[in-house]
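*Asks:* My questions concern the predicted model and sequence given below.
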Amino acid sequence: MLWYKAWLETRFRFLIGAALVCALCAFFVLGNPFILGTWSEHQQLHPAEAELPWILRATTDYPYFIWHFLFARLLQQLWVLFAVIIGLGGLSRESAQGTAGFILSLPLSRRRIVCVRAALGGIEVAVLGLIPAIAIPALSIFIGKPYPAFQAVSHALLMVLGGLVFFGLGVMLSTAIQSEHTPALIGVAIVLLFYFFLSPYTDDGVIEPLWIKLLDVSRVMAGTPALSSFSTYPLRGICISLLTACGLFYLSLRMTEKRDY
Amino acid sequence: MSSAILETVALTKHYGRFEAVRELSLAVPAGSISGFLGQNGAGKSSTIKMLLGMMRPTGGSGRIFGLNIEEPSESIEIRQRAAFVSEDKRLYDYMTVEQMIRFTRSFFPGWRGELEQRLLREFELPLDRKIKKLSKGMRTQTALLLAFCRGAELLILDEPTEGLDPVNIEKVLELLVGFAAEGTTVFFSSHQIAEVEQIADRVFIIDKGRLLLDAPLDEMKEEYRRINMVFDTPLQTPAFALEGIERVRVDGRSVSIFASHNIEGILNHAHALHATSVDVLPVSLKEIFLESLKAR
C-alpha cells in the first residue's frame, strides 16, 4: 500500500508529464512535413540567406531531425523538468504539510518510506523517458518516414540513464528543504538556469569552455545523432551521472533517517 | 494496575539552547487511562514524538512494552503495537476516507473490522469523500477511527477530542473507557481538563518540560484541598510555612491555602493561630492543574 500511496501522490505529475511528452513527440513527428515545407518556403523567399548546417542536415536526415528537436533539446528539457518535479516529495514535504505524524506512526522504517517513494518516482521518470521510444517510431509510420526502433530505444535509454541525476536532485531538494513549495521553485529554477547557460553551446561546432564540457549532462543524455550500437553510448558520462544520482539519493536517505519530525 | 507499559527515565529534548523536555521520568501503568496535562509548549507533543521515534531524545531513555524507543527496529515494533493520533490530525487530502482506511489497515494484521464498521456508522463518515472535503470534526473522527481500529495495546492520543462537538466528545470518551476495560492502555494529552477528570485514572502534569505532578486521579482528589480561613487580625504569609502547603494567598484577615497533603496538620496550625472560621473544600482537577502551575 506504500506503493499505492506513492502512486496517488505522483500520478497527476506523471500523467501530465506523459501527456506533454506524447504531445511533443506528435508535434515534431507529425509536423515534420510542415516544418520542412516552411523551411523550404523560407529558402525560396530568401535565396541569398545561407542555410544553417543543422537545417541542411535535418532536411534530408529524418533521424537527425528527431534527434535535434527531441532528444537533444525540447523532449530532453521537458523530461528533465518532470524528473525534478516527480522527485519532489517524501517525509520533509509531509512534515511541511503536517502529515508526517501520521506516516511515522505506522510500523514502517524511514528507509522503506524513502526507498518506495524514490523507486516509484524512478519508475515513473523511466516510463516518461521511454514513451518516445514507442511514440516516435509508431507516429513516424503516419508520415511515411520510418524511424529505427533501436535508435528510439537507445536514445530514450540514454536520456533516462544520463538524466537520473535530475531525479536525484529533486529527491535531495525536497529532503533538504522542509517546505511544500520552495524545493519545487528551486528545482525548476535550477533546470531553467542549467539550460539557459547551456543553450549558446548546444549548436554543433561551437567551442565550449571547460566547465561546460565537465558539467554537460545534456550532451550525455543526447548522445550522438545516430546511435548505431550500445558501444556508442557515452559510458563515462552515464556512470558519472548515475553515481551522482546515487550519491544524492544516499544523502537524502541519511538526512531523512537522522532528522526530527 | 500492573507494571508500566510506557516508561521514561530523565528523558530530555533540546532544540538548540531551548529545553523542550527536561529529565522527564514517568511510568504509565498497563491498562490505565493516563492524562498528560500541560500548557501549550509545555513539552507534551515533544515527549510523544520521542516515544514514537519521530524525534531523537537529547538525553535520557524511554521504553514502551519494554522496547527501546531509540532503537529503529524496536521502534517499528512499538508502532505495530501502539496507535497514535497527532495533535493536528492531518491526513492525506488526496485520499478518500475509504482509501485512508484501506491504506492504514494494510499495516495492521489485527485490524478490527467490526469496530471500523461501527465507528463509520456512529461517526457518519462518508467513505467516498476526499479528506480535504471533510469538516474539522470529521477529520478528527477519521483520525480516531484509524487509530482505534489498529487493535493496539496502547493508544497515544494528542488532543483526541479537538474539533469535536459535545455529543461526539462524549462518544469518544466512552470509547476510550471501553478500550481501557478491554485492557488497552490509553495515554492522552488534552487541554480539556474536564475530559481528563472524567475518564483518567492517573494524571501527569508537565510544565516547561518538567514533570510537576504524577499521581492517581482519585488519590489526588482525595488529598488536595483548599482551606479558607478567617482571622481576627491580618496575618503574614510566612505564618503558613508548613509541609503540604503548595500555595498561600493572604488577603487581609482572610487566608486561602492550597494544600497537597498534611491537611490535619494545617488545620491544627490554623486553630493554634486562633482562626475564627476554617473551611476545607474539595478541589477539581482544573484547580489542581492551575495551582500547580502557579506554585512553581
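*Replies:* Structure received.
*Asks:* pLDDT on the helix or strand containing A:V188, on average?
*Replies:* Assigned by DSSP states H and E, A:V188 belongs to helix A:182-198. The pLDDT scores in helix A:182-198 average 91.
*Asks:* and it, what does it pack onto?
*Replies:* helix A:74-87, helix A:149-176, helix A:217-222 (3 or more C-beta pairs under 8 Å, 6 or more residues apart in numbering or on different chains; DSSP states H and E). (Glycine included, C-beta is placed from N, CA and C.)
*Asks:* Can you add mean neighbour count and distance to chain B and give these back as a markdown table?
*Replies:* Below are the helices and strands packed on helix A:182-198 laid out as a markdown table (neighbours: other C-beta atoms under 10 Å in any protein chain shown; distance: least, C-beta to the nearest C-beta, whole Å):
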| stretch | mean neighbour count | distance to chain B |
| --- | --- | --- |
| helix A:74-87 | 24 | 15 |
| helix A:149-176 | 24 | 16 |
| helix A:217-222 | 23 | 32 |
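*Asks:* Pull out the buried positions in stretch A:129-149.
*Replies:* Buried residues in stretch A:129-149, counted by 16 or more other C-beta atoms under 10 Å in any protein chain shown: A:G129, A:L130, A:I131, A:P132, A:A133, A:A135, A:I136, A:P137, A:L139, A:S140, A:Y147.
*Asks:* what does stretch A:225-233 give?
*Replies:* Here stretch A:225-233 shows A:P225, A:L227, A:Y233 as buried, counting by 16+ other C-beta under 10 Å.
*Asks:* Looking at those residues, which gets the smallest pLDDT?
*Replies:* Lowest confidence among those: A:L227, with 77.
*Asks:* Tell me who's in contact with that residue.
*Replies:* Residues in contact with A:L227 (C-beta atoms under 8 Å, 6 or more residues apart in numbering or on different chains) are A:F150, A:Q151, A:S154, A:H155, A:L158, A:Y233.
*Asks:* Try it again at 7 Å.
*Replies:* Counting by C-beta atoms under 7 Å, 6 or more residues apart in numbering or on different chains, A:L227 touches A:Q151, A:S154, A:H155.
*Asks:* quick check, nearest of the residues you listed to A:L193?
*Replies:* Proximity to A:L193 was ranked across the contacts of A:L227 by C-beta to C-beta; first place goes to A:H155, at 24.8 Å.
*Asks:* Check the spacing between that closest one and A:A72 real quick.
*Replies:* Distance of A:H155 to A:A72, given as C-beta to C-beta, to the nearest Å: 9 Å.
*Asks:* Also B:R150?
*Replies:* Separation of B:R150 from A:A72 (C-beta to C-beta): 53 Å.
*Asks:* May I see the buried residues of stretch B:219-230?
*Replies:* Quick answer for stretch B:219-230 (16+ other C-beta under 10 Å): B:M220, B:K221, B:E223, B:Y224, B:R225, B:R226, B:I227, B:M229.
*Asks:* related to what we said a few turns ago, B:R150 and A:A72: who's more crowded?
*Replies:* Legend: neighbour count by other C-beta atoms under 10 Å in any protein chain shown for B:R150 and A:A72, higher for B:R150 (27 against 24).
*Asks:* my read: that one touches B:A82, true?
*Replies:* No. Taking contacts as C-beta atoms under 7 Å, B:R150 lies outside contact range of B:A82: 8.4 Å.
*Asks:* what does chain B put close to chain A?
*Replies:* B:52, B:54-56, B:72, B:76, B:79-80, B:84, B:86, B:88, B:90-92, B:94-95, B:103, B:106-107 (C-beta under 7 Å from any C-beta of the partner chain).
*Asks:* So which of those are in helices?
*Replies:* Under the assignment DSSP state H, the residues of chain B next to chain A contribute B:P72, B:I76, B:R79, B:Q80, B:F103 to helices.
*Asks:* Kindly indicate which of the buried residues of stretch A:129-149 lies nearest chain B.
*Replies:* The shortest approach to chain B among the buried residues of stretch A:129-149 belongs to A:I131, at 24.1 Å (C-beta to the nearest C-beta).
*Asks:* Now do the phi/psi pair for the closest one.
*Replies:* Torsion angles at A:I131 (phi, psi; degrees, to the nearest 10) stand at phi -60, psi -50.
*Asks:* Pull the contacting residues for it.
*Replies:* Contacts of A:I131 (C-beta under 7 Å, 6+ apart): A:A18, A:V21, A:C22.
*Asks:* And the nearest residue to the second one once chain neighbours are set aside, how far from A:S199?
*Replies:* Spelled out, that is A:V21. Excluding the flanking residues, the one nearest A:V21 by C-beta to C-beta, 6 or more residues apart in numbering or on different chains is A:I131, at 5.0 Å. A:I131 sits 25 Å away from A:S199, going by C-beta to C-beta.
*Asks:* related to what we said a few turns ago, can you show me the CA trace of the helix holding A:V188 as CSV?
*Replies:* Provided in CSV are the C-alpha atoms of helix A:182-198 (Å, rounded to 0.1, in the frame of the first residue of the first chain):
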residue,chain,number,x,y,z
THR,A,182,10.3,26.0,-2.1
PRO,A,183,12.0,22.8,-3.4
ALA,A,184,9.8,22.9,-6.5
LEU,A,185,10.7,26.5,-7.2
ILE,A,186,14.4,25.9,-6.6
GLY,A,187,14.3,22.7,-8.7
VAL,A,188,12.6,24.4,-11.7
ALA,A,189,14.9,27.4,-11.4
ILE,A,190,18.0,25.1,-11.5
VAL,A,191,16.7,23.4,-14.6
LEU,A,192,15.9,26.7,-16.4
LEU,A,193,19.3,28.2,-15.4
PHE,A,194,21.1,25.0,-16.5
TYR,A,195,19.6,25.1,-20.0
PHE,A,196,19.8,28.9,-20.2
PHE,A,197,23.6,28.8,-19.6
LEU,A,198,24.0,25.8,-21.8
